[in-house]
Structure formats: structure tokens, C-alpha cells
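> Everything below, folded, please.
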Amino acid sequence: MNSKETEFLKQINDNKGILFKICKIYQDDTEDRNDLLQEMTLQLWLAFDSFRGESKFSSWMYRIALNTAIAFFKKQKRRPDDQNLPYDFDKAEEISRAGEEEEKLAMFYKAVQQLNKVEKALIYLYMENQSHEEIATHLGITPVNARVRLSRIKDKLKEITKKMNYEYR
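Got it, this is the predicted structure:
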């Protein structure tokens, strides 16, 4: 293994949580999450030579991974086998009974699945403790716009969870 491959694998390993969270937000099915993870890793490898170190690796990785997830999501929506399938929130086996915190997290991810691609990106960056300025930089919007959109997304998530007969306390 050469030094480029070693550095790439180290960076991916150090920041793998980013990839896992994006997969969880953009894909509900385990197989689809694994496919997306593979696709993001491939795209990161193909773009690795373009990383110039002008920003943190994790910031560069966010952008590549989010763009890949959005493209993957769009491509998946065009598959004929996915057309007009109802989203079933009532599958008891999908919600872990291990504890209240796990249930909250599962319901949160179910609600996030109902957001559009930009809203998902915003909420993901917010969950990663990114500042409004950092979110704005990643998404090419103003910090004020990021703040307003996040507020609206939070309200939207509350409404979605109410429709799912679940409210966070």
C-alpha cells in the first residue's frame, strides 16, 4: 500500500462517523445504506487528489459525501421498483425496544427521512455541531438563511413526529 492509500484510509477511518450519519439520514434500508457508504467512499477516493488542505479534511469530506448522497438519493428515486411504495412507519421491528433513547433516535431518523435533500443536509450539519456560519459555507447560503431554515426544519420535524403519534419531551 502506498502513502496516498494509507493517508486516505486513515482520514476515512478518523471521520467515518460522518459517513455513517449521512447514510442513516439519507437511507432507511440497511442494504441501501451500505450501497451509499460504498459510493461515498469511491467518490472520496476519486476526488482525494483534489483535496488541497485549504480546509479541514472533514469539511471537504462533508461536501463530497453530501453531494454523493443527494445524487444517490435522486438516482434511487428514479428506480421503477421504488415508485409509489408507501412508507411504513408502523413496522414494530424497526423501532428498537431497548430503551426510550433508542426509540427517540429511531423516530427522529424516521422523521428526517421525510425531509427534502437540502433540509436533510442542514439538519445533519446541525447535528454535527456545525455553526450557522459553517453550515452556510458548506451549503452556499448565508448564515441568516441557515438559521431561519434550521428553525423551520425543527418545526417541521415536530409536526412530522406529531403525525407519527410521537412527541419529544
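> Now do the same contact list for residue 4.
residue 48 (Cβ atoms under 8 Å, 6 or more residues apart in numbering). Backbone N, C-alpha and C define where each C-beta goes, glycine included.
> all helices of this protein, in order?
Using DSSP state H, the helices found in the chain span residues 3-14, 16-26, 30-47, 57-77, 100-112, 117-127, 132-139, 143-163.
> Could you dump the ones you listed into CSV and include mean pLDDT?
Shown next, in CSV, are the helices of the chain (pLDDT from 0 to 100):
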stretch, mean pLDDT
helix 3-14, 91
helix 16-26, 86
helix 30-47, 91
helix 57-77, 81
helix 100-112, 72
helix 117-127, 88
helix 132-139, 88
helix 143-163, 91
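> Geometrically speaking, which residue is the centre of this structure?
residue 22 (2.6 Å; Cα atoms, centre = their mean).
> Surely that residue touches residue 40?
Yes: under the criterion of Cβ atoms under 8 Å, residue 22 makes contact with residue 40 at 7.1 Å.
> what touches both of these two?
With Cβ under 8 Å, 6+ apart, residue 22 and residue 40 have common neighbours 65, 69.
> Show me how far stretch 154-163 is from its chain's centre.
Relative to its parent chain, stretch 154-163 has a centroid offset of 18 Å by Cα atoms, centre = their mean, to the nearest Å.
> Next, the buried residues of that stretch.
For stretch 154-163, a neighbour-count test (16 or more other Cβ atoms under 10 Å) marks 156-157, 160-161 as buried.
> Near residue 33, how many other residues are there?
18 (other Cβ atoms under 10 Å).
> same thing with residue 17?
Residues within reach of residue 17, counting by other Cβ under 10 Å, total 10.
> Please report the distance of it from residue 156.
25 Å (Cβ to Cβ, to the nearest Å).
> which among the buried residues of stretch 154-163 gets closest to residue 117?
Closest approach between these and residue 117, by Cβ to Cβ: residue 156, at 14.0 Å.
> wait, doesn't that closest one sit right on residue 120?
No: judged on Cβ under 8 Å, residue 156 makes no contact with residue 120 at a distance of 11.5 Å.
> Now do the contacts for the nearest residue to residue 145 once chain neighbours are set aside.
Closest residue to residue 145 apart from its sequence neighbours, by Cβ to Cβ, 6 or more residues apart in numbering: residue 136 at 6.9 Å. Shown in contact with residue 136 (Cβ under 8 Å, 6+ apart): 142-143, 145-146.
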